[in-house]
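K.L.:
Here is a sequence together with a model predicted from it:
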There are 2 protein chains.
Amino acid sequence: MRILIVEDEPTLGRQLKTTLEQNGYAVDLSVDGEDGHFMGSTEEYDAVILDLGLPEIDGLTVLGMWRKEGRKFPVLVLTARDSWSDKVAGLDAGADDYLAKPFQTEELIARLRALIRRASGNSSSELIAGDVRLDTRSGRVTLNGEPVKLTAQEYKLLSYLLHHKGKVVSRTELIEHIYDQDFDRDSNTIEVFVTRIRKKLGPDVITTIRGLGYSLDDPAQPRG
Amino acid sequence: MRILIVEDEPTLGRQLKTTLEQNGYAVDLSVDGEDGHFMGSTEEYDAVILDLGLPEIDGLTVLGMWRKEGRKFPVLVLTARDSWSDKVAGLDAGADDYLAKPFQTEELIARLRALIRRASGNSSSELIAGDVRLDTRSGRVTLNGEPVKLTAQEYKLLSYLLHHKGKVVSRTELIEHIYDQDFDRDSNTIEVFVTRIRKKLGPDVITTIRGLGYSLDDPAQPRG
DNA sequence: CCTCGACGATCAGGATACGCATTCGCGGCT
DNA sequence: AGCCGCGAATGCGTATCCTGATCGTCGAGG
């Protein structure tokens, strides 16, 4: 999952970035509203963390612009505490959740996870497809109840597919959501990891759609 | 486990801090309500000891603010008199336990231990994973019934992992909960102590999740 | 029905980041 | 003073990742 952080205070920004990366996210960091807006408009994110107290362009404005452009990613808004009005305005402008500074990193992680889960239409923290189960909280994957050990990248790939179960996911989409901004897009890593996942979870878990990408299907509604 | 003490009376505060530290807790001490509130909002604590009789901001107010912000740590409230009304008000405001001054330090320790235990969802004071048992009351660790001598830091680390059995715990999370505020976060101490614990309790007690952190697994549901 | 082209799968190699063990010096405690 | 635990630094080993090459397969068109 790929996250955009728009935070003008460099210290907090970097700290957030490392924390999120340690939790398995690909993270881009933007330090001002204009650049942040551009990034959010051009790149593919699964969630955005937006500080309202930005210089130059106001965070609310950025959020409003995104929504007007039709950007749908969930936005978690950070604001100084006690500014109740900010919260209301933020939610009005299309924010999906709200966190007052200062906050605890663990809470941020938890909310982020919930946001992404909700955005993909899942209600439980457990993603299931056939015999495969992935618990986003504990980071555990099981096959027929048997625990399977996945590496970080394998996990990210599988997680993204599960979050978009039934949809055809193109290779570029996968790259965009698994890696952060600076990454060589001309490589076959995706294929490699698909192969590895198939080796661990069975060949039928991920379906190849020739010329389009991959798909992870719910066996309840299998692909023809 | 990391504790925050909010206590305006310096003597009692320092005394509590040392006592708790001798009992294996990492302790931050705050001497007024405003600072205390800030610390509780920013840092990661496993429990908070809060004196109600604070100058400036009232303890109850601080507690109320925390709960409104969504802080979930268990709070043990101290009050000067044995006034029933204070107790009721405290519990109303979201306190988890209550202790009247003056009190026996032993009782404080005992209640604190119970609070942390309950917060992590454990019903017994004994934490068990495989052949390893840790008794939070006596602070003793056994391996297959054989007592094992752990140093303070080793104990803290193991204890935290046991309290969060099955979850993947990142290095930063461990540092945040084992050490107090001022500590160099760029160090490899966690790895060192993991190594030392493995030497004493066997290599399979703590599982490494590469790139994410560590996990202590219930043998009933082992990791692959 | 066969052939060819394009796309995807697989494999093996090297690079790298990550975690581990060890060592050492410091400081507190006995 | 001597011991012990703690934390910092270092070098090593290895899992993991990426790359490039090769092999396999699907499908369109003849």
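P.N.:
Structure received.
K.L.:
gap between residue A:101 and chain B?
P.N.:
Using Cβ to the nearest Cβ, to the nearest Å, we find residue A:101 at a distance of 9 Å from chain B. Every C-beta, even on glycine, is put in place using the N, C-alpha and C of the backbone.
K.L.:
mind listing the strands for chain A?
P.N.:
When secondary structure is read from DSSP state E, chain A shows strands at A:2-6, A:26-30, A:47-51, A:75-80, A:97-101, A:126-129, A:132-135, A:140-143, A:146-148, A:168-169, A:206-209, A:213-216.
K.L.:
and the ones you listed as TSV, adding mean neighbour count?
P.N.:
As requested, those are arranged in TSV below (neighbours: other Cβ atoms under 10 Å in any protein chain shown):
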stretch	mean neighbour count
strand A:2-6	25
strand A:26-30	21
strand A:47-51	25
strand A:75-80	22
strand A:97-101	18
strand A:126-129	18
strand A:132-135	19
strand A:140-143	21
strand A:146-148	15
strand A:168-169	18
strand A:206-209	15
strand A:213-216	20
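K.L.:
What is the neighbour count of whichever residue of chain A sits closest to chain B?
P.N.:
Across chain A, the shortest distance to chain B (Cβ to the nearest Cβ) belongs to residue A:149, at 3.5 Å. Residue A:149 is flanked by 14 other residues according to other Cβ atoms under 10 Å in any protein chain shown.
K.L.:
Which parts of chain A are helices?
P.N.:
In order along the chain, chain A carries the following helices (DSSP state H): A:10-22, A:33-42, A:59-69, A:84-92, A:105-119, A:152-163, A:171-178, A:189-201.
K.L.:
So what's the residue count around whichever residue of chain A sits closest to DNA strand C?
P.N.:
Ranking the residues of chain A by distance to DNA strand C (Cβ to the nearest atom of the strand) places residue A:195 first, at 3.3 Å. Using other Cβ under 10 Å, the number of residues around residue A:195 comes to 13.
K.L.:
likewise the one 10 residues further on?
P.N.:
Each residue near residue A:205 was counted by other Cβ under 10 Å, and the total is 20.
K.L.:
my read: it touches residue A:195, true?
P.N.:
No. In this structure, residue A:205 is not within contact of residue A:195 by Cβ atoms under 8 Å, at 11.7 Å.
K.L.:
tell me the pLDDT at residue A:84?
P.N.:
According to the prediction, residue A:84 has pLDDT 57.
K.L.:
again, but for residue A:186
P.N.:
Residue A:186 carries a pLDDT score of 80 in this model.
K.L.:
Could you tell me the model confidence score at the closest residue to residue A:107 other than its chain neighbours?
P.N.:
Spatial nearest neighbour of residue A:107, excluding adjacent residues (Cβ to Cβ, 6 or more residues apart in numbering or on different chains): residue B:70 at 6.6 Å. Note on residue B:70: pLDDT of 73.
K.L.:
Now residue B:70: phi and psi?
P.N.:
When read as degrees, to the nearest 10, the backbone of residue B:70 gives phi 90, psi 10.
K.L.:
just checking, residue A:63 touches residue A:79?
P.N.:
No. Look at residue A:63 against residue A:79 with Cβ under 8 Å: they stay out of range, at 11.6 Å.
K.L.:
Give me the below-cutoff pLDDT ranges for chain A.
P.N.:
Per-residue confidence for chain A (pLDDT under 70) gives these ranges: A:56, A:81-93, A:123, A:219-224.
K.L.:
give the contact list for residue A:122.
P.N.:
residue A:163 (Cβ atoms under 8 Å, 6 or more residues apart in numbering or on different chains).
K.L.:
Could you dump the helices of chain A into JSON lines and include distance to residue A:132?
P.N.:
Listed next are these as JSON lines, based on distance: least, Cβ to Cβ, whole Å:
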{"stretch": "helix A:10-22", "distance to residue A:132": "25"}
{"stretch": "helix A:33-42", "distance to residue A:132": "32"}
{"stretch": "helix A:59-69", "distance to residue A:132": "34"}
{"stretch": "helix A:84-92", "distance to residue A:132": "36"}
{"stretch": "helix A:105-119", "distance to residue A:132": "17"}
{"stretch": "helix A:152-163", "distance to residue A:132": "8"}
{"stretch": "helix A:171-178", "distance to residue A:132": "17"}
{"stretch": "helix A:189-201", "distance to residue A:132": "6"}
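K.L.:
now, of these, which is deepest in the fold?
P.N.:
helix A:152-163 (a mean of 21; mean count of other Cβ atoms under 10 Å in any protein chain shown).
K.L.:
who touches it?
P.N.:
Applying Cβ under 8 Å, 6+ apart, the set of residues contacting helix A:152-163 from outside is A:1, A:24, A:26, A:46, A:116-117, A:120, A:122, A:127, A:129, A:132, A:134, A:136, A:139, A:141, A:150, A:169, A:174, A:177-178, A:189-190, A:193-194, A:196-197, A:200-201, A:206, A:214-216, B:210-212.
K.L.:
go with 6 Å
P.N.:
A:120, A:127, A:134, A:177, A:178, A:193, A:196, A:197, A:216, B:211 (Cβ atoms under 6 Å, 6 or more residues apart in numbering or on different chains).
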